[in-house]
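**Q** I would like the atomic coordinates for the input below:
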Amino acid sequence: MHSKNKRKFKNIVYVNGSFMNGYHNHISIMDRGFNLADGIFETMVANNQRIFCIDDHIKRLGHSAEVLNIDLLSSNEIKDILYETVKQNELAYSVVRLTVTRGVDHNRGLQVHEGITPSVMVRIVPWDGPATDVPKGRRLCFSSVVRNDLSPLSNVKSLAYTESVIARLDAQKKGFDDALMLNTKHSVTGATSSNIFLVMGGKLITPPLSDGVLPGIARSRIIQLVESMEVPFLEQSITKTHVEYSQEIFISNVVTGIVPITNVEDNFIAEKPFGPVTKQLFESYRNILAQELS
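**A** Modelled structure (predicted):
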């Protein structure tokens, strides 16, 4: 953690129109996000007053809100809240978590009652910033927890993350860092909170969104980067066999960036901690991240 981050971390949060001390409790026990996971969120990274891909995050949030039929504030209002919360925390680098729930409901049950106002919350935590070197490779296993690609939430960053929590806990109990989750057709969707890419036969491959894949912000930027490389790129379903015969595998999200995979269960991916395609994309993505946050 940057010393500046540690020294100046004020832990100021935004909750429904007010900025307050984040060490206190501020969420009503009657909030549907707390009771029913009835809400959505976005996780972003920032440097001072710059938030990486903020427009892409807000666009994805808007799509999620449409699926759940939650009324959002305007894009400009959301941006103002995000920037002001970042400003008040006075961090050099930070992770920005925006949560929107359907709101406080004094009734009970699933019925969406009239007069509910969405709750909007922003939390900031220190972040080390863009990694300078390729991170240490991680070891994955396949999870028995199935990701439902037929669910309307399959492409939504909803609060309902319990299945991913269970999958990661089970993986760590077995001595792995994370788990790969399969969909109802036994295709790989990604890790518990990351998208997956693999290099096989000279091609870079990632699963299509139709397989129940979250449209990751880092994922979309990586796909843009690949277009300028000489590596053929495909969006196609990935099976366990593809994973077994891959020359390189990496996972991605906006906080960790690109992280190489060294093992999937007993399968050794490569002789080196990371391959040439992973390294090239890591450097390109890191440079774009650093440039847009500077």
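
**Q** run a quick neighbour tally on Thr189.
**A** 24 (other CB atoms under 10 Å). Heads up, the C-betas are built off the backbone N, CA and C, glycines and all.

**Q** oh sorry, the question was meant for Ser144
**A** 11.

**Q** what's the helix or strand for it?
**A** Ser144 belongs to strand 138-147 when assigned by DSSP states H and E.

**Q** continuing past that strand, what's the next helix or strand?
**A** Next in sequence after strand 138-147, counting helices and strands by DSSP H and E, comes helix 162-173.

**Q** list the buried residues for that next one?
**A** For helix 162-173, the neighbour count (16 or more other CB atoms under 10 Å) marks Ser164, Ala167, Arg168, Ala171 as buried.

**Q** now swap in stretch 33-52 and tell me
**A** Those would be 33-34, 38-47, 51-52, for stretch 33-52 by 16+ other CB under 10 Å.

**Q** please apply the same query to stretch 112-123.
**A** For stretch 112-123, by 16+ other CB under 10 Å, it's Ile116, Pro118, Ser119, Val120, Met121, Val122, Arg123.

**Q** show me those residues that map onto strands.
**A** Secondary structure defined by DSSP state E assigns Ser119, Val120, Met121, Val122, Arg123 of these to strands.

**Q** from the buried residues of stretch 33-52, which land in helices?
**A** Gly33, Phe34 (DSSP state H).

**Q** partners of the closest residue in space to Ser28 that isn't next to it in sequence in the sheet?
**A** Spatial nearest neighbour of Ser28, excluding adjacent residues (CB to CB, 6 or more residues apart in numbering): Val104 at 4.9 Å. Using DSSP bridges, the bridge partners assigned to Val104 are Asp31.

**Q** what helix or strand does Lys87 sit in?
**A** Using DSSP H and E, Lys87 falls in helix 75-89.

**Q** report the buried residues of that helix.
**A** Ile78, Lys79, Ile81, Leu82, Tyr83, Thr85, Val86, Asn89.

**Q** that's all I had, so thanks and see you.
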